[in-house]
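Participant: below is the structure, and that's it, no one-letter string:
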Ligand SMILES: *[C@@H]1O[C@H](CO)[C@@H](O)[C@H](O)[C@H]1NC(C)=O
Ligand SMILES: *[C@@H]1O[C@H](CO)[C@@H](O)[C@H](O)[C@H]1NC(C)=O
């Protein structure tokens, strides 16, 4: 410390050294002149916000991005504020805004799901005023339900519990953890079944539970998408039952010894065994697979049993559920019943490419597996994008029926991707099957027909675009995401928010009077993160739950390992 003034006084005694301050000053002056005069820095060179409507959008040559991406990120932030203002004006503290009639609906327990679901997005976007405005509302939440109402376990966990925990992790506001702990406890009676697989819904006051279908069964996705939230809550509170209730479900599905790891979509929650033969990566199953990989990552790769389950299931999905279409060779994921493919392709399953890419990027896979997972990821995400690019509205339909490739001597299993991949590996033409770039097509010419033509402001396609952009660095994913955002602005915006569409095949599209809370929780968050240059939520430090709520990666302490029995 003391040597600094000494050095300085030595310097100032030398004649040349006395010139240093003047030299520095002149340099700074010249630099400032050059900085502000140089064309890339002046405000006059900011790219305009005109909508570019070329389909598919062309990526910019490298180095031409300039301020384009920050401007686009800010456009998403404005969209969020627009929705928030409408919600505040017309639906404050109700569950969701009805964006056409300017009214509100209580469809998720009536505790204000949009507020809790959107809270971490506010923090990520730097909307601190809005964030702190909602804290007093959340502080007063008592999760009350009258005797005849029941909270759906899965939705309440991923939206409310996940939202509270993520906002707590980002902001450190203690009240958010207190409310998460209350809610986690009030939902726990759902696990009181003989197998431990949770019941469909719970009364948070009486602890009474209810089943959805009346036949003692649970959906795979609903039963197995609570591990991230409850394990993190166990870590924060030291409560063993939070860990135990959700970890034992991993043993239930492992011990069921399902042949070929084709985990079915419906399970008997009394016996803990499969109750149907449908194998799917879409609705009913989707986030169950997501939570295998993600709970492994969340706890710093310390639980090897979930690692192995993820790999087996991911490989089984790739081998059994991936097909290509005959004309554009679009890669898609479908579901099978008793091994018969339906060739249905769901928007919900567009989360899968992001998950496969995340696994290939974070796990120590054999090189060939990692390559196949990445190819599957890029091909599937591209198909999700093409179902948007094909539409006059620029937004993707909820479900389509793919045209199956006919079976032949050459293709005894039709369009099954692994067969085409194997043949390709022998010939090595430039691009693997399902990864060719193809043109958009009009209705009637396409390799699919509409099954559910609506667009419900869902996030899965932009979620995968975000993960693929971060993992591959391919800027084409950002441009595609920007095309999606422009279509959202053009087709779904109302005077008080954004609305689902009843069909993506017409423009202007006809709107439905609904704005699901996941629009502010997920769709706008992933778009914002896709456009910000800064990696606000680094993928090696955070894991997103299935409602896009980031939770921080942590390590179990020695105490927790022995107390919770983790090995
Ligand atoms: C679990 O359910 C049984 C009846 O099925 C009931 O007797 C018991 O009190 C419940 N336990 C908890 C903790 O809710
Ligand atoms: C809904 O509210 C917005 C302001 O939030 C207003 O501009 C619009 O006119 C209202 N629409 C209807 C149908 O009342």
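Facilitator: Sure thing, it's come through. Computed from a predicted structure; not experimentally measured. Ligands and ions are numbered 1, 2, ... in the order given.
Participant: all strands for the stretch 1-150 of the chain, in order.
Facilitator: 96-98, 103-105 (DSSP state E, counting those that start in this stretch).
Participant: tell me the strands beside the first one, with direction?
Facilitator: Sheet pairing for strand 96-98, assigned by DSSP bridges, gives strand 103-105 (antiparallel).
Participant: the partner strand near ligand 2 at all?
Facilitator: No - judged by C-beta under 6 Å from any ligand atom, strand 103-105 stays clear of ligand 2, getting no closer than 9.2 Å. All C-beta spots, glycine's among them, are computed from the backbone N, C-alpha and C.
Participant: list the buried residues for that strand?
Facilitator: Neighbour counts over strand 103-105 (16 or more other C-beta atoms under 10 Å) mark 104, 105 as buried.
Participant: with stretch 248-255 instead?
Facilitator: 249, 250, 252, 253.
Participant: JSON lines for those residues, including pLDDT, distance to residue 412 and secondary structure?
Facilitator: Shown next, in JSON lines, are the buried residues of stretch 248-255 (pLDDT from 0 to 100; distance: C-beta to C-beta, whole Å; DSSP: H, G, I helix; E, B strand; the rest coil):
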{"residue": "249", "pLDDT": "96", "distance to residue 412": "38", "secondary structure": "helix"}
{"residue": "250", "pLDDT": "95", "distance to residue 412": "37", "secondary structure": "helix"}
{"residue": "252", "pLDDT": "96", "distance to residue 412": "36", "secondary structure": "helix"}
{"residue": "253", "pLDDT": "94", "distance to residue 412": "32", "secondary structure": "helix"}
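Participant: rewinding a little: save the strands of the stretch 1-150 of the chain as CSV, and put in mean pLDDT and distance to ligand 1 too.
Facilitator: Formatted as CSV, the strands of the stretch 1-150 of the chain follow (pLDDT from 0 to 100; distance: least, C-beta to the nearest ligand atom, whole Å):
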stretch, mean pLDDT, distance to ligand 1
strand 96-98, 98, 31
strand 103-105, 98, 31
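Participant: grab the nearest non-local neighbour of the residue in the stretch 101-250 of the chain that ligand 1 sits nearest to.
Facilitator: Ligand 1 sits closest to residue 192 of the stretch 101-250 of the chain, with a gap of 3.7 Å, by C-beta to the nearest ligand atom. By the measure of C-beta to C-beta, 6 or more residues apart in numbering, the closest residue to residue 192 outside its immediate chain neighbours is residue 209, 7.0 Å from it.
Participant: contacts only, for that neighbour.
Facilitator: Going by C-beta atoms under 8 Å, 6 or more residues apart in numbering, residue 209 touches 150, 189, 190, 192, 199, 200, 201, 202, 203.
Participant: what does the chain have sitting close to ligand 1?
Facilitator: So the chain meets ligand 1 at 189, 192, 207 (C-beta under 6 Å from any ligand atom).
Participant: doesn't the first one belong to a helix?
Facilitator: Put plainly, it is residue 189. Yes - counting by DSSP: H, G, I helix; E, B strand; the rest coil, residue 189 is found in a helix.
Participant: how much space separates it from residue 173?
Facilitator: Using C-beta to C-beta, to the nearest Å, one gets 27 Å for the distance from residue 189 to residue 173.
Participant: what are the boundaries of the helices in the stretch 451-567 of the chain?
Facilitator: 460-472, 476-491, 518, 524-531, 558-564 (DSSP state H, counting those that start in this stretch).
Participant: what's the most buried one of these?
Facilitator: Compared across those, helix 524-531 shows the largest average neighbour count, a mean of 26 (mean count of other C-beta atoms under 10 Å).
Participant: pass me the low-pLDDT residue ranges in the stretch 251-400 of the chain, would you?
Facilitator: Applying pLDDT under 70 to the stretch 251-400 of the chain flags no residue at all.
Participant: switch the cut-off to 90
Facilitator: Within the stretch 251-400 of the chain, the segments meeting pLDDT under 90 span 269.
Participant: cool, and the stretch 101-250 of the chain?
Facilitator: In the stretch 101-250 of the chain, residues with pLDDT under 90: 211-216.
Participant: residue of it closest to ligand 2, please.
Facilitator: Closest point on the stretch 101-250 of the chain to ligand 2, by C-beta to the nearest ligand atom, is residue 102, at 3.8 Å.
Participant: out of everything not next to it in sequence, what's closest to that residue?
Facilitator: Residue 102 sits nearest to residue 90 (C-beta to C-beta, 6+ apart), 4.5 Å away.
Participant: now swap in residue 277 and tell me
Facilitator: Closest to residue 277 by C-beta to C-beta, 6+ apart is residue 338, at 4.7 Å.
Participant: likewise residue 442?
Facilitator: residue 390 (7.8 Å).
Participant: returning to what we had before: what's the burial count for the residue of the stretch 101-250 of the chain closest to ligand 2?
Facilitator: Residue 102 has 16 neighbours, counted by other C-beta atoms under 10 Å.
Participant: quick one: residues contacting it.
Facilitator: Here residue 102 is in contact with 86, 89, 90, 495, 496 (criterion: C-beta under 8 Å, 6+ apart).
Participant: intersect those with the contacts of ligand 2.
Facilitator: Near ligand 2, by the rule C-beta under 6 Å from any ligand atom, you find 86, 89, 495, 496 out of the contacts of residue 102.
Participant: buried members of the residues you listed into ChimeraX, please.
Facilitator: In ChimeraX, a selection of the buried entries from the ones next to ligand 2 among the contacts of residue 102 looks like this (16+ other C-beta under 10 Å):
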select :86,496
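Participant: of all the ones next to ligand 2 among the contacts of residue 102, which two lie farthest apart?
Facilitator: 89 and 495 (10.4 Å; C-beta to C-beta).
Participant: as a check, name the ranges of all helices in the stretch 201-350 of the chain.
Facilitator: 220-223, 227-237, 240-255, 286-298, 304-321.
Participant: make CSV from the strands of the stretch 1-150 of the chain and add distance to residue 384 to it.
Facilitator: What follows is the strands of the stretch 1-150 of the chain, written out as CSV (distance: least, C-beta to C-beta, whole Å):
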stretch, distance to residue 384
strand 96-98, 25
strand 103-105, 29
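Participant: quick check: buried residues in stretch 320-331?
Facilitator: Neighbour-count burial for stretch 320-331 [16+ other C-beta under 10 Å]: 320, 321, 322, 323, 324, 325, 328, 329, 330, 331.
Participant: if we can go back for a sec, what is the nearest of the contacts of residue 102 to ligand 1?
Facilitator: Closest approach to ligand 1 among the contacts of residue 102 (C-beta to the nearest ligand atom): residue 90, at 38.9 Å.
Participant: out of the strands of the stretch 1-150 of the chain, flag the one nearest residue 279.
Facilitator: strand 96-98 (32.8 Å).
Participant: show residues contacting the closest one.
Facilitator: Residues contacting strand 96-98 (C-beta under 8 Å, 6+ apart): 83, 86-87, 90-91, 104-105, 107-108, 113-114, 496-497, 513-517.
Participant: so among those residues, which ones count as buried?
Facilitator: Judged by 16+ other C-beta under 10 Å, buried ones among the contacts of strand 96-98: 83, 86-87, 90-91, 104-105, 108, 113-114, 496-497, 514-517.
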